[in-house]
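# heads up, no residue letters with this:
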């Protein structure tokens with residue numbers, strides 16, 4: 001995407017201003033190891049950013065903890081209504097949506113190489129009249145793409161091994177998952193994952209583990225027939241089409257995450273964990289990801305014409321303004337955006 005010698009230019013959205021987005025951004029950007037490799041512009045309400053800085057700084061040595069918003073490049077987007085710390089409402093939803101609109105439009109115009117998004121509250125978006133399932137879907141709609149995927153990436157602090165998990169379906173009710181899953185959808189998601197591994201990471205002969213849908217992957221039709229009806233035939237077809245790849249599965253969902261867990265925590269008996277994992281629905285992928293990497297996983301949207309990453313946590317309204325939010329995932333999101341921008 002950019003020359004290796006050029007510093008990526010990233011735009012960071014605060015997310016819901018009633019949540020912890022401002023805090024984790026100010027903490028992340030206080031770390032010189034985060035900012036030394038990129039140029040950053042923050043989109044948010046400058047008054048609210050300053051209030052967060054001042055309120056939290058009362059009880060700490062802020063020079064070691066938070067960056068002063070006065071020292072940042074901030075695009076000021078004033079809020080139309082009252083923002084109450086810890087309470088997501090229509091005003092905070094409208095504000096976070098406006099931050100996203102600016103970031104997307106300017107990135108599509110070539111002003112930025114990537115977007116790092118702070119956490120939003122979907123209920124606040126809905127209260128403000130915006131009925132998108134989440135930021136991922138808004139990004140895809142504004143970018144005009146139909147092929148996109150929600151990929152979660154985390155690097156183990158114990159071993160340095162990188163976990164990559166793509167979701168085949170995302171923000172839909174569990175009862176709709178079986179109907180939403182089709183061979184066509186899985187081919188699309190697998191295409192995206194292979195393109196990411198090959199084009200962004202240089203992994204040309206990857207090993208990809210693919211989950212089954214039912215307990216024990218259906219146990220030969222005794223616990224569900226989706227595997228026999230179409231998932232196993234689809235996977236056999238993909239193996240024939242992609243002989244350079246190692247496609248494993250469908251792996252029973254309760255055992256697929258054993259090897260990743262061992263690789264993450266440093267069990268020396270695990271051999272050759274996969275380069276990436278394809279989960280068939282939201283919780284099938286995110287429960288293990290958050291168990292292993294809750295404080296450092298990154299959500300990245302693949303298939304967009306630009307880089308997008310986000311910390312893998314929510315608005316945490318219950319701790320907003322208390323100064324205790326962990327910025328590790330936000331730091332990781334910024335670092336990954338830099339890495340992909342340079343390698344892509």
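Here it is on my side, so go on. All values reported here derive from a predicted model rather than from experimental measurement.
# Please identify which helix or strand holds residue 53.
If you go by DSSP states H and E, residue 53 is part of helix 46-57.
# tell me which residues of that helix are tucked away?
46, 48, 49, 50, 51, 52, 53, 56, 57 (16 or more other CB atoms under 10 Å). The way it works is simple: take the backbone N, C-alpha and C, and place the C-beta from them, glycine included.
# Just to check, the second one is in contact with residue 79?
Yes: because the distance of 7.2 Å satisfies CB atoms under 8 Å, residue 48 is recorded as touching residue 79.
# Quick check: neighbours shared by those two?
Residues touching both residue 48 and residue 79 (CB atoms under 8 Å, 6 or more residues apart in numbering): residue 17.
# which stretches of this protein form strands?
Under the criterion DSSP state E, the chain contains strands at 9-13, 39-44, 73-76, 114-117, 149-155, 162-167, 207-211, 246-251, 276-279, 298-302, 307-311.
# Can I get these in a markdown table including mean neighbour count, distance to residue 237 and mean pLDDT?
Shown next, in a markdown table, are the strands of the chain (neighbours: other CB atoms under 10 Å; distance: least, CB to CB, whole Å; pLDDT from 0 to 100):
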| stretch | mean neighbour count | distance to residue 237 | mean pLDDT |
| --- | --- | --- | --- |
| strand 9-13 | 25 | 39 | 98 |
| strand 39-44 | 22 | 44 | 97 |
| strand 73-76 | 14 | 48 | 97 |
| strand 114-117 | 28 | 35 | 98 |
| strand 149-155 | 23 | 20 | 94 |
| strand 162-167 | 23 | 19 | 96 |
| strand 207-211 | 22 | 13 | 97 |
| strand 246-251 | 19 | 10 | 96 |
| strand 276-279 | 27 | 15 | 98 |
| strand 298-302 | 24 | 22 | 94 |
| strand 307-311 | 28 | 31 | 96 |
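# Now for the nearest residue to residue 154 once chain neighbours are set aside: which residues touch it?
Leaving aside its chain neighbours, residue 154 sits nearest to residue 293 (3.2 Å; criterion: CB to CB, 6 or more residues apart in numbering). By CB under 8 Å, 6+ apart, the contact list for residue 293 reads 152, 154, 156, 163, 264, 312.
# With respect to residue 116, which of those residues is nearest?
residue 312 (12.4 Å; CB to CB).
# Against residue 198, how distant is that closest one?
24 Å (CB to CB, to the nearest Å).
# Compare the two (neighbour count), which wins?
residue 312 (24 against 15; other CB atoms under 10 Å).
# which residues touch the nearest residue in space to the more buried one that is not next to it in sequence?
Of all residues beyond its chain neighbours, the one nearest residue 312 is residue 297 (3.8 Å), with distances taken as CB to CB, 6+ apart. Contact analysis of residue 297 by CB under 8 Å, 6+ apart lists 152, 153, 154, 163, 289, 290, 311, 312, 329, 332.
# so what's residue 297 scoring on pLDDT?
Predicted confidence (pLDDT) for residue 297: 90.
# Relative to residue 156, how far out is it?
Between residue 297 and residue 156 the computed distance is 11 Å (CB to CB).
# what do you get for residue 121?
30 Å.
# out of the two, which sits in the busier spot?
Per other CB under 10 Å, whichever of residue 121 and residue 156 has more neighbours is residue 121, with 21 against 17.
# tell me the helices in this structure, going along the chain?
21-28, 32-35, 46-57, 90-108, 122-127, 135-143, 177-180, 183-195, 226, 232-241, 258-265, 282-293, 328-343 (DSSP state H).
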